[in-house]
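>>> Need a 3D model of the sequence below.
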Amino acid sequence: MKILVVGGGGREHALVWKIAQSPLVDKVYCAPGNPGIAGLAECVAIAADDIDGLLAFAREMAIELTVVGPEVPLTLGIVDRFQAAGLEIFGPSQAAARIEGSKGFSKDLMAKYGIPTAAYRSFTDRDAAVAYIREQGAPIVVKADGLAAGKGVIVAMTEEQAVAAVNEIMVDAVFGSAGASVVIEEFMEGEEASFFAFTDGKNILPLASSQDHKRVFDNDEGPNTGGMGAYSPAPVVTEALTAEVLDTIVRPTIEGMAAEGCPYSGILYVGLMIAGGKARVVEFNARFGDPEAQPLLMRMKSDIVPVLQSIARGKLTQGSLEWHDKAAVCVVMASGGYPGSFEKGYEIKGLEDAAKIDDLMVFHAGTTLKDARIVNHGGRVLGVTGLGASVAEAIEKAYLGVQAIGWEKVHFRKDIGRRALHR
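From the prediction side, this is the model:
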């Protein structure tokens, strides 16, 4: 079969890498793709948010399954458009993608269906938001309502930081229209983890556990990013906690979405805060996490294509997934200055050396070709992902890869996976 993967980041490289291994697949296309993906699939110069262009291409090439990587095309309604044209596509509808596209929608859903999360209020008025901050005190969390590439969440340790965040989002409009409304939440103590589940809107198929590292600097310091590294499995997510999350969070969410008239199909990402053996929801995403997809897909033993296809058809019957016993760790190599401004166009050296390391994959994210050389082009540039018999061995393997690669002003965290070692 012919498959089209939409997107051009590290998550999409991992998806293409996994999909291309399926005996069911003859050809993989990726739009727009990147230089790393080009070694596995035919890259097509169509932007991920060009729904008309993607639909025309899928029709012309008789694509049998389209897999959507990033959130933006989902919130623009790519799934609805493809389904209306009679094409099979994996991902939630535009209405269901609001679970990520609007923090206010997702919080209201959780409140209505008794899903554990932080106390919150939504605001469209700046002064009312500031008054609420003064009333509640700090620490407190300020979130832009809409999509902000993983950067629209500010954990404010003082009231002044919280007020400054509101001003940046609502007055300075640093996230554009995504900040027309803000959600202000209670600060939750605990350890974060990422929980993923495939669903066709009724049936649920959980994935292995993983943990992301959101902050840009070591020891979880500095501003939030799209993610600086991830590992799987995450020891903090025990078997008992997995059962509890499925029972108290995932199933009520899927049932609640159906009751709201926007059944959820695709992969549901649940960002968890775990304290005292109990989990509460930090956020939902309507797609695979990035960088969690990289270690998860490297550990996945099962063929992913039948799962994606069955969900696209609304008939998920598979009861479990097989996983490799090995642990996986992904270290994100970023452009210096990320998540703020950074310089592009530096040649990336050492990719060929890293490719010779066993049990290591270098997933491309923000790379492009310039004069036949691979250069940095985005904030998060590479996801260097290693396998090992334990998390400790996988950390060692990933950093072996990181040490082989370099470019001017490269930045990466040196403590990815450390929390797992403490357990």
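>>> Report the distance from stretch 152-169 to the chain centre.
Centroid displacement of stretch 152-169 relative to its chain, using Cα atoms, centre = their mean, to the nearest Å, is 23 Å.
>>> which other residues reach it?
126, 129-130, 133-134, 137-144, 146, 174-175, 178-179, 182, 184, 187, 223-224, 283 (Cβ atoms under 8 Å, 6 or more residues apart in numbering). All C-beta atoms are positioned from the backbone trio N, CA, C, and that covers glycine.
>>> From those, which land in helices?
Applying DSSP state H to those, the entries found in helices are 126, 129, 130, 133, 134.
>>> Which parts of the stretch 251-400 of the chain are helices?
251-259, 293-299, 305-312, 351-355, 391-404 (DSSP state H, counting those that start in this stretch).
>>> So residue 415 sits against residue 219, correct?
Yes - counting by Cβ atoms under 8 Å, residue 219 is a contact partner of residue 415 at 6.7 Å.
>>> neighbours of residue 159, just the number please.
The local packing of residue 159 (other Cβ atoms under 10 Å) involves 16 other residues.
>>> ranking the helices of the stretch 251-400 of the chain by burial, who's on top?
Neighbour counts (mean count of other Cβ atoms under 10 Å) averaged over each of the helices of the stretch 251-400 of the chain peak at helix 293-299, with a mean of 29.
>>> and that one, average pLDDT?
Per-residue pLDDT over helix 293-299 has a mean of 98.
>>> Tell me which residue is most central in this structure.
Nearest to the mean C-alpha position of the chain, by Cα atoms, centre = their mean, lies residue 289 at 1.9 Å.
>>> Dihedrals phi and psi, it?
Dihedral angles of residue 289 (phi, psi; degrees, to the nearest 10) stand at phi -70, psi 160.
>>> Pull the contacting residues for it.
11, 194, 196, 210, 212, 227, 230, 269.
>>> returning to what we had before: so among the contacts of stretch 152-169, which ones count as buried?
Buried positions within these, assessed by neighbour count (16 or more other Cβ atoms under 10 Å), are 129-130, 133, 138-144, 146, 174-175, 178-179, 182, 184, 187, 224, 283.
>>> Could you dump the helices of the stretch 251-400 of the chain into a markdown table with distance to residue 84 added?
Putting the helices of the stretch 251-400 of the chain into a markdown table (distance: least, Cβ to Cβ, whole Å) gives the following:
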| stretch | distance to residue 84 |
| --- | --- |
| helix 251-259 | 20 |
| helix 293-299 | 28 |
| helix 305-312 | 14 |
| helix 351-355 | 41 |
| helix 391-404 | 43 |
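>>> How many neighbouring residues does residue 124 have?
12.
>>> Do I have it right that it meets residue 179?
No - using Cβ under 8 Å, residue 124 is not in contact with residue 179, being 10.4 Å away.
>>> Tell me which stretches of the stretch 151-300 of the chain form strands.
153-156, 182-186, 191-199, 204-206, 211-212, 215-217, 221-224, 229-232, 266-275, 278-285 (DSSP state E, counting those that start in this stretch).
>>> With residue 205 as the reference, measure out to the residue of the chain most remote from its centre.
Centroid-distance maximum for the chain: residue 135 at 33.4 Å, with Cα atoms, centre = their mean. Residue 135 sits 43 Å away from residue 205, going by Cβ to Cβ, to the nearest Å.
>>> Quick check: closest non-adjacent residue to residue 214.
residue 224 (4.9 Å; Cβ to Cβ, 6 or more residues apart in numbering).
>>> same question, residue 220
residue 213 (7.1 Å).
>>> residues contacting the one you found?
220, 227, 228, 229, 230, 413, 415, 416.
>>> so which of these comes closest to residue 44?
residue 227 (26.1 Å; Cβ to Cβ).
>>> any idea how far residue 52 is from residue 101?
20 Å.
>>> Local confidence estimate at residue 146?
Note for residue 146: predicted pLDDT of 88.
>>> my guess is residue 225 meets residue 212, correct?
No - using Cβ under 8 Å, residue 225 is not in contact with residue 212; the gap is 9.7 Å.
>>> for the stretch 301-423 of the chain, what spans make up the strands?
Secondary structure of the stretch 301-423 of the chain (DSSP E, counting those that start in this stretch): strands at 327-335, 360-364, 367-370, 373-376, 380-388, 410-411.
>>> Distance to residue 67 added to the ones you listed, as JSON lines?
JSON lines is the format used below for the strands of the stretch 301-423 of the chain (distance: least, Cβ to Cβ, whole Å):
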{"stretch": "strand 327-335", "distance to residue 67": "20"}
{"stretch": "strand 360-364", "distance to residue 67": "16"}
{"stretch": "strand 367-370", "distance to residue 67": "21"}
{"stretch": "strand 373-376", "distance to residue 67": "24"}
{"stretch": "strand 380-388", "distance to residue 67": "18"}
{"stretch": "strand 410-411", "distance to residue 67": "30"}
